[in-house]
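Visitor: the following comprises the amino acid sequence and a computationally predicted model.
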Amino acid sequence: MRRSWHAATLGLLFLINPEPGGAAESEAGRALLEKNCGRCHALAPGTPSPLSQAPNLWIVLRSYPSERLEFELSEGIGSRHKDMPQIQFSSEEIQKIEDYLAKE
Ligand code: HEC
């Protein structure tokens with residue numbers, strides 16, 4: 001009896017206090033990428049990009065060390081592709097994008 005109470009309490013604590021960077025943030029990060037980059041780039045593992053020359057961002061951005069990712073997202077990622085917009089994300093937006101990319 002004691003033991004199951006203990007488990008229930010732990011479960012409750014987890015519900016009340018979810019880890020930072022929860023599902024809502026990572027969903028928001030994905031939506032940001034979807035809106036700004038999704039018409040050319042694939043954003044999820046194993047999906048082809050709408051524009052065949054554009055690399056899958058899930059793979060490319062996750063391969064960047066976090067300092068570089070933050071730098072690129074805040075400065076507007078450079079590209080040889082003339083149509084690619086130079087979007088500068090705010091630090092709040094970058095946090096959300098990182099939460100999305102950190103997801104398994
Ligand atoms: C109009 C289409 C288009 C849009 C929109 C677009 N890209 Fe790209 N992007 C490309 C193409 C094509 C390439 C591959 C050729 C190149 O590097 O220029 C590319 C390459 C990249 C690369 C690899 C650069 C490298 O040095 O290897 C990154 C990272 C990238 N894009 C990020 C983004 C992000 C982040 C967004 C949204 C803010 C975005 N792109 C929006 C077309 C696009």
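Guide: The structure has been received and is ready for your questions. Residues are numbered from 1 along each chain as shown.
Visitor: quick check: pLDDT value at Glu75.
Guide: Per-residue confidence (pLDDT) for Glu75: 89.
Visitor: err, Pro18, not the other one
Guide: Pro18 is given a pLDDT of 49.
Visitor: name the next helix or strand downstream of the helix or strand of the chain with the lowest mean pLDDT, please.
Guide: Across the helices and strands of the chain, mean pLDDT, DSSP states H and E gives its lowest value to helix 2-16, namely a mean of 56. Downstream of helix 2-16, the next assigned helix or strand under DSSP states H and E is helix 23-37.
Visitor: show me what that next one is packed up against.
Guide: helix 91-102 (3 or more C-beta pairs under 8 Å, 6 or more residues apart in numbering; DSSP states H and E). Where you see a C-beta, it was placed from the backbone N, CA and C, and this is true even at glycine.
Visitor: work out the gap between the helix it packs on and the centre of the chain.
Guide: Centroid separation for helix 91-102 versus its chain: 5 Å, with C-alpha atoms, centre = their mean, to the nearest Å.
Visitor: that helix vs the ligand: in contact?
Guide: No - counting by C-beta under 6 Å from any ligand atom, the ligand is not contacted by helix 91-102; separation bottoms out at 8.3 Å.
Visitor: contacts for that helix, please.
Guide: 21, 25-30, 32-33, 58, 61-62, 66, 69-70, 73-74, 89 (C-beta atoms under 8 Å, 6 or more residues apart in numbering).
Visitor: let's go with 7 Å and repeat that
Guide: 21, 25-26, 28-30, 32-33, 61-62, 66, 69-70, 73-74, 89 (C-beta atoms under 7 Å, 6 or more residues apart in numbering).
Visitor: show me which residues of this protein are close to the ligand?
Guide: 36-37, 39-41, 51, 53-55, 57, 60, 77, 79-81, 83-85, 87.
Visitor: could you rerun that using 5 Å?
Guide: 36-37, 40, 53-54, 60, 77, 79-81, 83-84, 87 (C-beta under 5 Å from any ligand atom).
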